[in-house]
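In: Model the following, please.
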Amino acid sequence: MTMCKVQFQKGMSMTEFQELYGTEVQCENALLLQRWPSGFVCPVCSGKTHRQFRRSGLRYFQCSGCNRQTSLIAKTLFASSKLSLRSWFQALFVLTQTKNNVAALELKRVLGVCYRTAWRIKHKLMGAMAQQEESRVLGGKIEVDDAYLGGECMGSKPGRGSPNKQAFVIAVNTHEGRPQQVVMKTVSSFTKAHFGNFLKQHVAPGSDVYSDGLAAFSAAETHNMAHTVFVAESPRLSAKNPQMKWVNTVLSNVKRSMDGTYHSIDVKKYGQQYLYEAAWRFNRRKNLASLPIRLLRHAIASLPRPESFIRNPQILPC
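Out: Numbering: from 1, shown residues only. Predicted structure coming up:
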């Protein structure tokens, strides 16, 4: 069997990470470089002349023009955090370099923090990933399928009607027989209207949509998209269809990874966040070593996310 280059790429080793970001000063300098590549720029007057000082151990910049004081972490995902940047960078490394996802309980043990702190770190960084993925639009040849997060609850309705299940749509675009990018979005139900909303948000007009014949997917035909249906005698045969190979492969890998990592997710409340995390990792899988810094950039671009915001997600299903 030919070795998959993406699967066996080098990535960033723990030794390399420690050499680059092993101290608080190294982490500060890396954050400074990513936030202001050409040097500090005042957020008020855009002035560049400044002086630096520390307050309570935190690095500050004071503009010489307007005297505005700005901390290194102000208006970023790290704002108001009492955690060291070194711990944040360790979280960036762990969440991006492991093969599978990382639960907050494991993050707690790796970072040496309490569970609540690890949970907040995990969800804040997932929020930064979500901000990058929520507007992604696919084009070209696109394979789509329907799926569920979660499992059945003891004593409740079984099957698709289980209250512990969250419906979602997955779409994978391919080029020359290889998967390129994925979008996964929760839906209230598998209706033509809800799938139509998914298409408006995440699929470019003129795309070629391939599906397994679920009635909701016929919405593609009313949205200026070609629609090819492959109907199989059983779900097992449908998954083996070469025209639907990659959507089933990606879906299988995502669900296996999530099932093996997370054991107590409120899929109704947080399911979309976890799907965005899986999509973020997949869509950047070809350059594993760059992921910690890429996630750092997204954290810098993200607005602060207090716990009250995290516990009340604003992302609604289609």
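In: Doesn't residue 113 lie inside a helix?
Out: No - if the criterion is DSSP: H, G, I helix; E, B strand; the rest coil, then residue 113 is coil and not within a helix.
In: dump the residue contacts of it.
Out: Residues near residue 113 by C-beta atoms under 8 Å, 6 or more residues apart in numbering: 83, 87, 121. All C-beta atoms are positioned from the backbone trio N, CA, C, and that covers glycine.
In: since we're on residue 125, how many residues are nearby?
Out: 25 (other C-beta atoms under 10 Å).
In: helix or strand for it, which one?
Out: Take DSSP states H and E as the rule and residue 125 turns out to sit in helix 115-133.
In: try residue 70
Out: Here residue 70 is assigned to strand 69-71, by DSSP H and E.
In: for residue 213, same thing?
Out: Here residue 213 is assigned to no helix or strand, by DSSP H and E.
In: Next, please give the residue ranges for the strands of this protein.
Out: Here the chain has its strands, by DSSP state E, at 50-55, 58-63, 69-71, 141-149, 166-175, 178-186, 208-211, 226-229.
In: Put together a markdown table for these, with mean pLDDT on each row.
Out: Putting the strands of the chain into a markdown table (pLDDT from 0 to 100) gives the following:
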| stretch | mean pLDDT |
| --- | --- |
| strand 50-55 | 96 |
| strand 58-63 | 97 |
| strand 69-71 | 97 |
| strand 141-149 | 96 |
| strand 166-175 | 96 |
| strand 178-186 | 97 |
| strand 208-211 | 96 |
| strand 226-229 | 94 |
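In: With mean neighbour count and distance to residue 288 as extra columns, can I get these in JSON lines?
Out: Output for these, formatted as JSON lines (neighbours: other C-beta atoms under 10 Å; distance: least, C-beta to C-beta, whole Å):
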{"stretch": "strand 50-55", "mean neighbour count": "12", "distance to residue 288": "34"}
{"stretch": "strand 58-63", "mean neighbour count": "18", "distance to residue 288": "30"}
{"stretch": "strand 69-71", "mean neighbour count": "17", "distance to residue 288": "31"}
{"stretch": "strand 141-149", "mean neighbour count": "22", "distance to residue 288": "24"}
{"stretch": "strand 166-175", "mean neighbour count": "22", "distance to residue 288": "20"}
{"stretch": "strand 178-186", "mean neighbour count": "20", "distance to residue 288": "16"}
{"stretch": "strand 208-211", "mean neighbour count": "22", "distance to residue 288": "29"}
{"stretch": "strand 226-229", "mean neighbour count": "14", "distance to residue 288": "34"}
